[in-house]
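**Student:** can you look at this prediction? I've put the sequence above it.
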Amino acid sequence: MRMKYVLSEVLVGLWRNVTMTIAMIITLAVSLFMLGGSGLLYQKVGDMKDLYYENVEVSIFLTQEVTEQQRTDLDGKLKSDPMVKEVLYVDKQQAYERFQQMYADAPDLVNAVKPDQLPESFRLKLNNPEQYKNIYDQYKESEGVDEIVDQSKLLDKVFGVLTGFQNGALAIAIVMAIAALLLVANTIQVAAYSKRREVAVMKLVGASNWFIQAPFVLEAVVAGLLGSILGLVALAVLKVTAASSSMAALEGLISPVSWGEIFLIYPLMAGVGALVSAVTAWVTLRFYLRV
Amino acid sequence: MTKTYPKASRPSLDNVSVSIEKGEFVFFIGPSGSGKSTIIKMLLHEVTPNKGRVVVNGKDVTSMRSWKRPHFRRSIGCVFQDFRLLPNRTAYENVAFALEVIGKTKAVARRVVPEVLELVGLGGKEHRYPHELSGGEQQRVAVARAFVNRPLILLADEPTGNLDPDTSIEIMRLLDRINRTGTTVVMVTHDSNIVNQMRRRVIEIESGRIVRDQARGVYG
């Protein structure tokens, strides 16, 4: 009976103040959507970093006039360098084959380039991709070296943008969460005010504190959960529309978000939504009801 | 015990010592601001004394944790001048509400509530709303609500303050009847008529001190 009483009070409470309830749920939904989105991006960026940095290479291009002796010296030095994991020598012919593969779509370009126009190079895999700078400093003055190119520099830019998106989403999530928090506090105050007579009688006859507070706290929790469901729906809609729109162009760069990942992030959204609402409601009641 | 409210120039209660036995009927009288309400609040554990101890039902409640207060309250029934009924509930529902919110089942309420409404003389009016009842009848509902849980103590804070003399006397008869069941009744009042008719123990308070404590007393 008590459970029934509490639940019916929750529904009545949400309905009594329905415009405020809707505002609260929408704000919670946007906040949790942003939180979920930023969580997914965080995972993606992590996955991609592992994947890309694993394969990242530092290329040391040699000058056209490089001598046999210079090449052998450099090869020996690189092979004994503790920072270097793997060394691969690419001669002009191999470079040309790679070039052909890379630009297979543009036969004109391929035909215009002759094998001996492409530089020989060493392709290095580093034990720690972030030590690129040391490699650069050490080898740029070596005899026969023309240019040192690090792929991770480009990746850093891409990841910089993605991390920027992620931080932006997180910032919006936090700002919206503050708005949601204030709305929850306000809704609970209004609810407590409209039930002040009942609350006074309950205190008088010795109803336990949890029994007095439970309907209000649960009201906030229900709103938080509804908000998280809406946020989940928004994420799903974003996935469906992104797959069929211009965002699809990024497909090759960003690994696509799977349904599994979206549903895995949901417990986080629901948990944060419910917990933040409950704590806010409870704190509000401490001030407002003093039970 | 002594109680000084923050910012007050003099204590609300100054070295007051009172002992009320189980089953007694006691009037607290005195002018407004004399400290009567503070005593009621202390019995309810709404305020605690700065000095001294408050013992209710054999339990020292002076240092009782506030989370224990709800359970403690169940042993004390309260009636107020303004009835404090829920306007959107019938007489029956008002009394049943008090039972349900402390965890009693509907079945218990169905058995006990009609009984107690009968006791206070509202048999047949269970399904009236407060606005359909007279002031005296509303106060009877309030008494029924205070008594339904069979408390050891009934606190009545000017229960007849809003009622005409005849109705007041009926309410007093009711409180007397409840007292005869063994319930201690503590009543704060300004009503000299009632005090003089009942001839019960009278404790007069003035400026936070007890100036008179008289068995079978009059208003004076």
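**Tutor:** Sure thing, it's come through.

**Student:** now do the contacts for residue B:49.
**Tutor:** Listed by C-beta atoms under 8 Å, 6 or more residues apart in numbering or on different chains, the contact partners of residue B:49 are B:1-3, B:13, B:42, B:62. Where C-beta positions appear, they are placed from N, C-alpha and C, glycine not excepted.

**Student:** just the residues you listed: which has the poorest pLDDT?
**Tutor:** Within the contacts of residue B:49, pLDDT reaches its minimum at residue B:1, with 68.

**Student:** what's the pLDDT at the residue of the stretch 151-291 of chain A found nearest chain B?
**Tutor:** Closest residue of the stretch 151-291 of chain A to chain B, C-beta to the nearest C-beta: residue A:206 (3.3 Å). Predicted confidence (pLDDT) for residue A:206: 89.

**Student:** mind checking how far it is from residue B:70?
**Tutor:** 5 Å (C-beta to C-beta, to the nearest Å).

**Student:** how is chain A divided into domains?
**Tutor:** With domains defined by automatic domain parsing, chain A comprises A:2-52+A:156-288, A:64-143.

**Student:** leaving out chain neighbours, which residue sits closest to the residue nearest the centre of chain A?
**Tutor:** Centroid-nearest residue in chain A, with C-alpha atoms, centre = their mean: residue A:41, separated by 1.9 Å. Excluding its sequence neighbours, the residue lying closest to residue A:41 (C-beta to C-beta, 6 or more residues apart in numbering or on different chains) is residue A:166, at 4.1 Å.

**Student:** same thing with residue B:39?
**Tutor:** residue B:28 (6.3 Å).

**Student:** buried stuff in the helix or strand that the one you found is a member of?
**Tutor:** In this assignment (DSSP states H and E), residue B:28 forms part of strand B:25-29. Judged by neighbour count using 16 or more other C-beta atoms under 10 Å in any protein chain shown, the buried positions of strand B:25-29 are B:25-29.

**Student:** now, which of these sits nearest chain A?
**Tutor:** residue B:28 (19.2 Å).

**Student:** that closest one against residue B:187, yeah?
**Tutor:** Yes. The criterion here is C-beta atoms under 8 Å, and residue B:28 meets it with residue B:187 at 7.1 Å.

**Student:** residue contacts, residue 135?
**Tutor:** Reading this off chain A. Contact partners of residue A:135, counting by C-beta under 8 Å, 6+ apart, are A:58, A:81, A:83-84, A:124, A:126, A:148.

**Student:** chain B is the one I meant
**Tutor:** B:83, B:162-164, B:167.

**Student:** now do residue A:144
**Tutor:** So residue A:144 contacts A:62-63, A:65-67, A:70-71, A:74 (C-beta under 8 Å, 6+ apart).

**Student:** confidence score at the closest residue to residue A:34 other than its chain neighbours?
**Tutor:** Using C-beta to C-beta, 6+ apart and skipping residues adjacent in sequence, the residue nearest residue A:34 is residue A:173, 3.6 Å away. At residue A:173, the pLDDT value in this model is 86.

**Student:** for residue A:173, what are phi and psi?
**Tutor:** phi -60, psi -40 (degrees, to the nearest 10).

**Student:** now swap in residue A:124 and tell me
**Tutor:** phi -110, psi 140.

**Student:** and for residue A:142?
**Tutor:** Here residue A:142 shows phi and psi, under degrees, to the nearest 10, equal to phi -60, psi 150.

**Student:** setting the sequence-adjacent residues aside, check what's closest to it.
**Tutor:** Residue A:142's closest residue in space is residue A:74 (C-beta to C-beta, 6+ apart), at 6.0 Å.

**Student:** elements contacting the helix or strand containing that neighbour?
**Tutor:** Using DSSP H and E, the element containing residue A:74 is helix A:68-79. Packed against helix A:68-79 by the contact rule (3 or more C-beta pairs under 8 Å, 6 or more residues apart in numbering or on different chains; DSSP states H and E) you find strand A:58-62, strand A:84-90, strand A:121-126, helix A:132-139.

**Student:** now these as TSV including mean pLDDT?
**Tutor:** Formatted as TSV, these follow (pLDDT from 0 to 100):
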stretch	mean pLDDT
strand A:58-62	84
strand A:84-90	83
strand A:121-126	82
helix A:132-139	80
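
**Student:** switch the ones you listed over to a markdown table; also include distance to residue A:270.
**Tutor:** Output for these, formatted as a markdown table (distance: least, C-beta to C-beta, whole Å):
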| stretch | distance to residue A:270 |
| --- | --- |
| strand A:58-62 | 45 |
| strand A:84-90 | 43 |
| strand A:121-126 | 42 |
| helix A:132-139 | 42 |
